[in-house]
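# This is a predicted model, with the sequence first.
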Amino acid sequence: MVLMEALKQPFNPRPRELDPVEGVNWGNQATLRLVSGPTYQNIELVTDILDPADIERIAVKVNGREIVNVTGQD
């Protein structure tokens with residue numbers, strides 16, 4: 001019964017597999033393009049990098065404007 005009520009609500013987040021990251025090589029800038037339209041509640045980046053300090057920078061840009069900028073140490 002609770003599940004049916006949740007499905008009737010306008011906000012119903014679901015996990016979604018994203019397109020692969022492009023340009024993934026050591027020292028290069030990798031790019032993940034997100035489709036416009038859906039609302040992204042969170043994005044989980046999974047990597048085999050053992051030391052987070054090796055991640056120099058993660059930036060989120062919307063229409064060319066940077067809205068988030070963090071490092072692996074953040």
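Perfect, I can see it now.

# drop to CA atoms for contacts and neighbour counts, all remaining ones
Fine.

# Tell me which residues touch the most centrally placed residue in the chain, please.
Nearest to the geometric centre of the chain sits residue 43, at 3.1 Å (Cα atoms, centre = their mean). With Cα atoms under 8 Å, 6 or more residues apart in numbering as the criterion, no residue contacts residue 43.

# Tell me the confidence at it?
Looking at residue 43, its pLDDT stands at 86.

# Now it: phi and psi?
As for residue 43, its main-chain torsions (degrees, to the nearest 10) stand at phi -130, psi 130.

# ok, now which ones touch the spatially closest residue to residue 31 that is not a sequence neighbour?
Nearest in space to residue 31, with sequence neighbours left out and distances taken as Cα to Cα, 6 or more residues apart in numbering, is residue 22 at 5.1 Å. Residue 22 is in contact with 30, 31, 32, counting by Cα under 8 Å, 6+ apart.

# could you redo those residues as TSV and give each row secondary structure and pLDDT?
Output for those, formatted as TSV (DSSP: H, G, I helix; E, B strand; the rest coil; pLDDT from 0 to 100):
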residue	secondary structure	pLDDT
30	coil	85
31	strand	88
32	coil	87
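
# out of those residues, who's nearest residue 55?
For the contacts of residue 22, the minimum distance to residue 55 (Cα to Cα) is 11.2 Å, reached by residue 30.

# so what's the closest one up against?
The contact partners of residue 30, taken as Cα under 8 Å, 6+ apart, are 21, 22, 23, 24.

# show me where the chain has strands.
Assigned by DSSP state E, the chain shows strands spanning 58-62, 65-70.

# Which secondary structure elements does the last one sit against?
Counting contacts by 3 or more Cα pairs under 8 Å, 6 or more residues apart in numbering; DSSP states H and E, the secondary-structure elements packed against strand 65-70 are strand 58-62.

# List the contacts of the strand it packs on.
Strand 58-62 is contacted from outside by 66, 67, 68, 69, 70, 71, 72, using Cα under 8 Å, 6+ apart.
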